[in-house]
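Engineer: Predicted model and sequence below, questions to follow.
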Amino acid sequence: MVLFDVETLLRWKGPPAGIPRVIAQLSRQFLQSRRIRFVTYSQRKHAFVFLNKGQKRVLASMLSAATPRDPGGMLSQEGDNLCDSKTVSRKDIFLGCGVPWGRRQYVDCLAKLKEETGCFVSYLIYDIIPVLLPQTYGSGLPAIFAEALVDLLWISDHIFAISENTKRDLQNFMQFNQIGSVAVTTVRLGDSPFLPVRQRAAAFSAAREYANGYVLTVGTIEARKNHRLLYEVWRRLSLSLKTKCPSLLIVGRKGWLTNDLVVQMKADPLVNRLIEIQSDVDDQRLESAYRNSLFTVYPSFYEGWGLPIAESLARGKFCLASNSSSMREIAGDLIEYFDPYSIDQAYAVISKYLRYPQILRRKEAQIRRRYRPRPWDMTASEFFRQFEGRGWIT
């Protein structure tokens, strides 16, 4: 049996984004498996608890909706069926894919569960960027993150990483911190459309009109994602393209260290009518945003993977991305890259594809011919393939 922890997803408010969206996509697939039992962490009981049948039905209903909701609050109710030595054994696997950073009680509870039951612990780690780029996070978080990561690695029997780059970063981190050998396996995240085929046509008609179209960027508005570079590029584009300048659509919540930037974008007369921010976007609106865009851009300084790049390509949309970290793993030469620290370079490559649409069309044709979207059921199956291949489950 695999105990799949959905606590991070259940704590999330609004349409799932980022890590909660990954957990939501995996949950959709795992709901079909008899070898999965869903669990969550109960802070009140300081224990992991199983979701009961009613809660599982609510979760399934939420995950099948374009805008997930739990109107009765059933998923926030704590079940009585504890994960302990009576219900969990050394034959079972605890699979975590959430965010334990800064949650001392959660990590301690996981260590206790392993000690009492002998269960195998496998955790999916997305990145260790707070360790690598601490200046892009709030004060204190990098130290909290590093401490929790050390503890989690000591607890874990196996780690999944979402890219070869993250795998290398983790191995370097373990070597530096003298952590015993923990097997690290890469698993590629899915990027297939969020909606069933019958709902995708509606996504095209859901977009509002933009006079000159729009370029899309998806991701939390935080310092690491480098929205400031796009702000500076759009200031230049507004001067060079004048009335023909397209909009920049930013889809993402506000995050670390960006309040001043958002104020600037809204107050700047050069771009305040060109830059639009949309938060808490559901699956249908996000699908629409991708499919109706001119192309997408992803200027992040550093990533564990770069899921919006893959999602863009899976919808036949060209992407311009940073040349750092894991982002080259996703698409190779199908997309074009720029230095995330160079406004000049970013401006040059973005303006090229705005001024010469025939080049953009050729790139899109290459993507349609060569890119193979990754269905989420393949990602879900990869976890089981790894567990079975290593003899951890039968």
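Structural biologist: Received it, and whenever you're ready, just let me know what you need. Numbers count the residues shown, from 1 in each chain.
Engineer: What is the end-to-end distance of stretch 221-232?
Structural biologist: Counting by CA to CA, to the nearest Å, you get 15 Å between the two ends of stretch 221-232.
Engineer: outside of that stretch, which residues touch it?
Structural biologist: Under the contact criterion CB atoms under 8 Å, 6 or more residues apart in numbering, stretch 221-232 has outside partners 129, 133, 135-137, 217, 219, 248, 250, 252-258, 261-262, 264-265, 268, 271, 275, 277, 297, 299-302, 322, 340, 343, 346-347. C-beta coordinates here come from the backbone N, C-alpha and C atoms, glycine included.
Engineer: rerun at 7 Å
Structural biologist: 129, 133, 136, 217, 219, 248, 250, 252-258, 261-262, 264-265, 271, 297, 299-302, 340, 343, 346 (CB atoms under 7 Å, 6 or more residues apart in numbering).
Engineer: L31: neighbouring residues, count only.
Structural biologist: 17 (other CB atoms under 10 Å).
Engineer: And for K363?
Structural biologist: 19.
Engineer: Show the backbone phi and psi for I221.
Structural biologist: The phi and psi values for I221, taken as degrees, to the nearest 10, are phi -80, psi 90.
Engineer: Next, the nearest residue to Y371 once chain neighbours are set aside: secondary structure please.
Structural biologist: Spatial nearest neighbour of Y371, excluding adjacent residues (CB to CB, 6 or more residues apart in numbering): L313 at 4.7 Å. Of the three states, L313 takes helix according to DSSP: H, G, I helix; E, B strand; the rest coil.
Engineer: so L313 sits right up against C319, yeah?
Structural biologist: Yes - if you go by CB atoms under 7 Å, L313 and C319 touch, sitting 6.5 Å apart.
Engineer: Take stretch 24-33, keep the C-alpha atoms, and write them as PDB.
Structural biologist: Output of stretch 24-33 as PDB, limited to C-alpha atoms (Å, rounded to 0.1, in the frame of the first residue of the first chain):
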ATOM      1  CA  ALA A  24      -3.900  17.700  -7.600                       C
ATOM      2  CA  GLN A  25      -2.800  16.200 -11.000                       C
ATOM      3  CA  LEU A  26      -1.300  13.100  -9.300                       C
ATOM      4  CA  SER A  27      -4.300  12.700  -7.100                       C
ATOM      5  CA  ARG A  28      -6.600  12.600 -10.200                       C
ATOM      6  CA  GLN A  29      -4.600   9.600 -11.300                       C
ATOM      7  CA  PHE A  30      -4.100   7.900  -8.000                       C
ATOM      8  CA  LEU A  31      -7.900   8.000  -7.300                       C
ATOM      9  CA  GLN A  32      -8.200   5.100  -9.700                       C
ATOM     10  CA  SER A  33      -5.600   2.900  -7.900                       C
END
